[in-house]
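Engineer: From the sequence below, what's the structure:
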Amino acid sequence: MSDLPSEPENIDLDKPNAARVYDYYLGGDHNFAIDRQMAEDAIRMWPELPLIMQANRGFLRRAVQYCVGQGIRQFLDLGSGIPTVGNVHEVAQQEAPGTRVVYVDTDPVAVAYSKNLLRVNPDATIVRADLRDPDQVLGAPEVAELLDLSQPVALMMVAVLHFVGDEAQPYKIVCRYRDALASGSFLILSHATDEGRPDVAPSHANLYRERTSTPLTMRPRAAIKSFFEGFELVEPGVVHLPQWRPAAATDVGEHPERFTGMAGVGRKP
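Structural biologist: Residues are numbered from 1 along each chain as shown. You can find the predicted model right below:
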């Protein structure tokens, strides 16, 4: 891993971090040896994992492009993780220069790298905050400075709610954000599921439970769809990652269910 742009505080190097493990899956270099070890152990258990993470990244890109096409010029990305190629601001600002993006993450490494990456971009910033505290996030000065919540915003919760256990009441969290959004806003969401690969998905979840401070809670499709309460689902609804508006039919493949993530986009009426 390259030197940090600034020295973040409170980095726990005794446990892998989900954001840094995800970065490794995507081919990034913003990770530590302990993160790489866990990722390699997971890949030995489930060799398709990097492809699943890439499919999730592909969904993010297509969903951002869709929202920009619908006139959205503001994005709030919760649990944004480590900056890698194809970040929200890169995709959105390529489609519509001047689009404003606020990232939110708790990991000090993700925040440090994001600040370094965004220092020359006046239309993007990052907030170190916990998405489980909507008041903290929505009340952050950086959010007030860059986003106008009286106008439509694309709220992004991509591959993050499966790290919010049921005890934290994730549905209430999503509702709190939804209620703060203006009419015409969008929710972009993807979530891990054990449907499609019951042979390996539970073991993968156990690995996160045993090795990290962010246990993985996989949920069935019906539960994931419930996060869109109060939103009108955009076609094709909540589907497996490669099935959400693929660039070409050949991108889906014969077994989309093996990409054990569900994804969808909803619009607030």
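Engineer: contacts and neighbour counts: CA atoms only from here.
Structural biologist: Will do.
Engineer: Low-confidence regions, the stretch 151-269 of the chain specifically.
Structural biologist: For the stretch 151-269 of the chain, residues meeting the criterion pLDDT under 70 lie at 210, 212-213.
Engineer: Repeat the analysis, applying 80 as the threshold.
Structural biologist: 196-214, 248-255, 257-259 (pLDDT under 80).
Engineer: For stretch 195-215, measure first residue to last.
Structural biologist: 18 Å (Cα to Cα, to the nearest Å).
Engineer: er, stretch 163-177 actually
Structural biologist: Start-to-end span of stretch 163-177 (Cα to Cα) is 17 Å.
Engineer: List the buried residues of it.
Structural biologist: For stretch 163-177, burial by neighbour count (16 or more other Cα atoms under 10 Å) applies to 163-164, 170-171, 173-175, 177.
Engineer: ok, those residues vs N87, which is closest?
Structural biologist: Using Cα to Cα, F163 comes nearest to N87 of the buried residues of stretch 163-177, at 20.3 Å.
Engineer: how far away is that closest one from E95?
Structural biologist: Distance of F163 to E95, computed by Cα to Cα: 30 Å.
Engineer: what does A18 give?
Structural biologist: For A18, the distance to E95 - Cα to Cα - is 29 Å.
Engineer: Could you report the neighbour count for the closest residue to T125 other than its chain neighbours?
Structural biologist: The shortest distance from T125 to any non-neighbouring residue, by Cα to Cα, 6 or more residues apart in numbering, is to V102 (5.1 Å). The number of residues packed near V102 is 23, by other Cα atoms under 10 Å.
Engineer: Using the three-state scheme, assign V102.
Structural biologist: What DSSP: H, G, I helix; E, B strand; the rest coil gives for V102 is strand.
Engineer: What of L155?
Structural biologist: Of the three states, L155 takes strand under three-state DSSP.
Engineer: Would you agree it is in contact with R73?
Structural biologist: No - checked against Cα atoms under 8 Å, the pair L155 and R73 is beyond contact range at 11.5 Å.
Engineer: Neighbour count for A18 and E95, which is higher?
Structural biologist: Per other Cα under 10 Å, whichever of A18 and E95 has more neighbours is A18, with 23 against 14.
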